[in-house]
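Novice: Give me coordinates for this.
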Amino acid sequence: MPIALSLDQQEQMLAAARTAFKNAHAPYSNFRVGSAILTERGKMYSGCNVENASYGLTVCAERNAIFAAVAAEGSGMRITAVAVATDRDVPCAPCGACRQVIYEFGPEAVVLFRGRSGTEQMPITKLLPEGFRL
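Specialist: Modelled structure (predicted):
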């Protein structure tokens, strides 16, 4: 069962995500994205999107944050929550690839993102109803 984040936890994670998008490398889309993840160990890691002239090599903020957590905590790292923020006031949920990576490391994670009517707090299983793990 996904956890419910307190308002204080939500704001801390969203603030970390907003700080992270300032470092984004987005010269092609000019759409800066930041993410922060909270692990079961209580540690927070952040990441930003990094674009490449070969668009398929671009990496999203959520995956960068998750990969930083794996590098720090090892492959047993588990995600409790993910926050996503952009430099624009538009809805922005994680993409499909990020949803699957979130599910891999946090099948019960909660995801915070800007939805149509403000900040949404949604379990990853609602964003990715048929996620899989081997």
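
Novice: and residue 57, how many residues sit next to it?
Specialist: Counted by other C-beta atoms under 10 Å, the residues lying close to residue 57 total 9. For glycine as for every other residue, the C-beta is placed from the backbone atoms N, C-alpha and C.

Novice: Who does residue 34 form a beta bridge with?
Specialist: With DSSP bridges applied, residue 34 shows beta-bridge pairing to residue 48, residue 85.

Novice: Over to the one 10 residues further on?
Specialist: Beta-bridge pairing of residue 44 under DSSP bridges involves residue 38.

Novice: which other helices and strands contact the lengthiest helix in the chain?
Specialist: Assignment by DSSP state H gives helix 7-21 as the longest helix of the chain. Using 3 or more C-beta pairs under 8 Å, 6 or more residues apart in numbering; DSSP states H and E, the elements in contact with helix 7-21 are strand 33-39, strand 44-48, helix 61-73, strand 79-86, strand 110-115, strand 118-123.

Novice: which one of these lies closest to residue 94?
Specialist: helix 61-73 (5.1 Å; C-beta to C-beta).

Novice: Where does the prediction get shaky in this structure?
Specialist: Along the chain, the parts satisfying pLDDT under 70 run over 1-2.

Novice: mind listing what's buried in stretch 96-113?
Specialist: 98-107, 109-113 (16 or more other C-beta atoms under 10 Å).

Novice: Sorry, slip of the keys, the one I care about is stretch 35-50.
Specialist: Result for stretch 35-50 [16+ other C-beta under 10 Å]: buried residues 35-39, 44-50.
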